[in-house]
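**Student:** Provided below for reference: sequence and predicted model.
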Amino acid sequence: MTTVRTRFAPSPTGFIHLGNIRSALYPWAYARATGGVFILRIEDTDLDRSNQASVDVILEGMKWLGMDPDEGPFYQMQRIDRYKEVLAQLQDRGAVYPCYMSVQELDALRERQMQAKEKPRYDGTWRPEPGKVLPPIPEGVKPVLRFKNPTEGAVIWEDKVKGSIHISNQELDDLVIARPDGTPTYNFCVVVDDIDMKITHVIRGDDHVNNTPRQINIFKALGVEPPVYAHLPTVLNEAGEKMSKRNGAKAVTQYKEEGYTADAMVNYLARLGWSHGDDEIFSREQFLQWFNLDHLGRSAAQFDEAKLRWVNAQHIKSMEDSQLALMVKEFLDKEHITSDQRLVAICALFKDRCDTLVALAHWARAFYADVQVPVVEREKHVVSSVVGAIELLSNKLSKLSASDWTKEAIASLLKEVLAEATLKMPQLAMPVRVLLMGTPQTPSLDSVIALFDPQVVIERLKAAKN
Ligand code: GLU
């Protein structure tokens, strides 16, 4: 069996968003699922629109999501000589011809065709045919090179998503494959690359489906069997429009900053156009075991941020606490907050109530940095009738030795205070939570206090009197 070789071939002309990165996920997963090779190719020939910042987001995003290429990144701009070489081969085979039609002539042709309600297409004026007399070559005009598309028959392929596709060659005109300055055009470069990189499966967005018959004809002219194609349906944004930077799509790396885990992103993106029964939550390993091209969805998938948050929450919940702590630490580090080994237990205690790492870091922050107690919470909970009990608690806590600073010891101490002050747990717990963490909604108070530095607790409880 031949080894599967897939590629992701982004154009670095804007920050890649979730819709784009999904076009990387499937070829990557297919290569991993089949023991194949995944290649990254940067299609940077559009010099006006390509930029390094976009390349950086591609590389950073893929690294974050763990979609490491086995080969590449290759840059098309570094392969121009190779394209010219293959172009010369096509010329030798008589598969291309020079066309001197000017832009004005082309516009006029298009105009005539539109008026006659025909599909605008090049009319073959300069295409050499046996017995045909070509127009005189205009002086001082540099020609483009056009590919001699077959005029008969059809291009047929079995698309892994769309099924059998049949395009009559009569619908395709002769594509420009080199500009007047000799630089090759997009569709031609893609074919040369896919051949040289021995791509077996082209998995890409269906905005390229119109290019495919043209590309297949170029493959054939070069005597190479075309790869298998899978054209993925569009990803729509929440408003139901095609996801694009212009209508507010975020760069994929933004999700890292917002506290999504790479595994949750992979999980969410995987489901955006592929399914494994009813499974919604799965690990990276499961996904790579299950993925194949037979369960790709045919209809457009719609991005749903609430769903993404939910998936993220599930991943956070099931993640190893120590692993989670490492991720949360990165967020704390960014704010110059020094954490310690307690962070693992803090993550364990709070992870169930967090749907992002940012939210978890926010909880953790209260243990390591000053807390702002909102005035409304303070006024509502730290009422004069509990100030005495809080002081009592503080006294008792201050007498606990370091080795007694445990959840159990703190729980029994809390009970003592409640009995002595004849209060119910919420009457004491709410204000203490507010003073310690700035909010009355926290996990059980004994667990929370046990994770604090005793000095910090005493200090924060003092504020009850102010
Ligand atoms: N460079 C193209 C894009 O970013 C993809 C081309 C391909 O996958 O064949 O849309």
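**Tutor:** That came through, no problem.
**Student:** Quick check: Arg179 touching Thr185?
**Tutor:** Yes - with contact defined as Cβ atoms under 8 Å, Arg179 counts as touching Thr185 (6.6 Å). Where you see a C-beta, it was placed from the backbone N, CA and C, and this is true even at glycine.
**Student:** Strands along the stretch 1-150 of the chain, start to end?
**Tutor:** Along the stretch 1-150 of the chain, the stretches classed as strands by DSSP state E, counting those that start in this stretch are 5-8, 37-42, 71-75, 96-99, 144-147.
**Student:** With mean neighbour count, distance to the ligand and mean pLDDT added, can I get the ones you listed in a markdown table?
**Tutor:** Listed next are the strands of the stretch 1-150 of the chain as a markdown table, based on neighbours: other Cβ atoms under 10 Å; distance: least, Cβ to the nearest ligand atom, whole Å; pLDDT from 0 to 100:
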| stretch | mean neighbour count | distance to the ligand | mean pLDDT |
| --- | --- | --- | --- |
| strand 5-8 | 26 | 7 | 98 |
| strand 37-42 | 22 | 8 | 98 |
| strand 71-75 | 16 | 12 | 98 |
| strand 96-99 | 20 | 21 | 97 |
| strand 144-147 | 22 | 17 | 98 |
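**Student:** Please produce a markdown table containing the ones you listed, extended by distance to Gly153.
**Tutor:** Formatted as a markdown table, the strands of the stretch 1-150 of the chain follow (distance: least, Cβ to Cβ, whole Å):
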| stretch | distance to Gly153 |
| --- | --- |
| strand 5-8 | 28 |
| strand 37-42 | 30 |
| strand 71-75 | 33 |
| strand 96-99 | 19 |
| strand 144-147 | 16 |
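**Student:** Which among the ones you listed is found nearest to Trp157?
**Tutor:** strand 5-8 (16.6 Å; Cβ to Cβ).
**Student:** Show me how far the closest one is from its chain's centre.
**Tutor:** 17 Å (Cα atoms, centre = their mean, to the nearest Å).
**Student:** Same question for stretch 354-374.
**Tutor:** 27 Å.
**Student:** Using PDB, list the CA coordinates for it.
**Tutor:** Extracted in PDB, the C-alpha atoms of stretch 354-374 (Å, rounded to 0.1, in the frame of the first residue of the first chain):
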ATOM      1  CA  CYS A 354     -14.700  26.700  34.900                       C
ATOM      2  CA  ASP A 355     -15.200  26.600  31.200                       C
ATOM      3  CA  THR A 356     -11.800  28.200  30.400                       C
ATOM      4  CA  LEU A 357      -8.300  28.200  31.700                       C
ATOM      5  CA  VAL A 358      -8.700  32.000  32.100                       C
ATOM      6  CA  ALA A 359     -11.600  31.400  34.500                       C
ATOM      7  CA  LEU A 360      -9.600  28.900  36.500                       C
ATOM      8  CA  ALA A 361      -6.600  31.200  36.600                       C
ATOM      9  CA  HIS A 362      -8.900  33.900  37.900                       C
ATOM     10  CA  TRP A 363      -9.900  31.700  40.900                       C
ATOM     11  CA  ALA A 364      -6.300  30.700  41.500                       C
ATOM     12  CA  ARG A 365      -5.200  34.400  41.500                       C
ATOM     13  CA  ALA A 366      -7.100  34.900  44.800                       C
ATOM     14  CA  PHE A 367      -4.700  32.600  46.500                       C
ATOM     15  CA  TYR A 368      -1.600  34.400  45.300                       C
ATOM     16  CA  ALA A 369      -2.400  38.000  44.800                       C
ATOM     17  CA  ASP A 370      -4.500  40.700  46.400                       C
ATOM     18  CA  VAL A 371      -8.200  40.400  46.100                       C
ATOM     19  CA  GLN A 372     -10.600  43.300  45.300                       C
ATOM     20  CA  VAL A 373     -13.700  42.800  47.400                       C
ATOM     21  CA  PRO A 374     -16.600  44.400  45.600                       C
END
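**Student:** Would you mind telling me which of Arg179 and Thr185 has more residues around it?
**Tutor:** Legend: neighbour count by other Cβ atoms under 10 Å for Arg179 and Thr185, higher for Thr185 (17 against 13).
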